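Visitor: only the shape, not the letters, is given here:
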């Protein structure tokens, strides 16, 4: 799987995926900061990347249908510091290695993970 981290996540968070053998890039590194959600999802689709974001707009499955994408991971956490986000991402790595989320929406909360 390949991942693209939205601008609301530190580009350093991509290293969590890279350290575990995944391909990961950041919206910030690619100069896509400020682009529309529609453009971002289109880029992810073209590049066959799972979008990792804090943006709840992407949870609207009527507008962003996961079935037509490589997947969307939305992190919903009370804490949003860079270090805490990295810890959250480390927690989901085993699940990503065990389960293909292509075409699915993964909601990651502080104490649980839901996949639709």
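Guide: Sure thing, it's come through. On a predicted model such as this, the values are computed, not experimentally measured, just so you know.
Visitor: C-alpha only now, for contacts and for neighbours.
Guide: Noted.
Visitor: what about the residue nearest to residue 89 when sequence neighbours are not counted, which helix or strand?
Guide: Sequence neighbours aside, residue 16 is the residue nearest to residue 89 in space, at 6.9 Å (criterion: CA to CA, 6 or more residues apart in numbering). Assignment of secondary structure by DSSP states H and E places residue 16 within helix 14-19.
Visitor: after that helix, which helix or strand is next? Please name it.
Guide: Scanning forward in sequence from helix 14-19 by DSSP H and E, the next helix or strand is strand 23-26.
Visitor: give the other helices and strands that that next one contacts.
Guide: Here strand 23-26 is seen to pack against strand 2-5, helix 14-19 when contacts are counted using 3 or more CA pairs under 8 Å, 6 or more residues apart in numbering; DSSP states H and E.
Visitor: who wins for proximity to residue 38 among those?
Guide: For the helices and strands packed on strand 23-26, distance to residue 38 was read as CA to CA. The smallest value, 14.4 Å, belongs to strand 2-5.
Visitor: for that closest one, which strands pair with it and how are they oriented?
Guide: Strand 2-5 has its sheet partners listed here by DSSP bridges as strand 23-26 (parallel), strand 50-53 (parallel).
Visitor: ranking those strands by burial, who's on top?
Guide: Per residue and on average, the most neighbours among those fall to strand 50-53, with a mean of 24 (mean count of other CA atoms under 10 Å).
Visitor: quick one on the thing from earlier: tabulate the strands paired with strand 2-5 (JSON lines), appending mean pLDDT.
Guide: Putting the strands paired with strand 2-5 into JSON lines (pLDDT from 0 to 100) gives the following:
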{"stretch": "strand 23-26", "mean pLDDT": "95"}
{"stretch": "strand 50-53", "mean pLDDT": "96"}
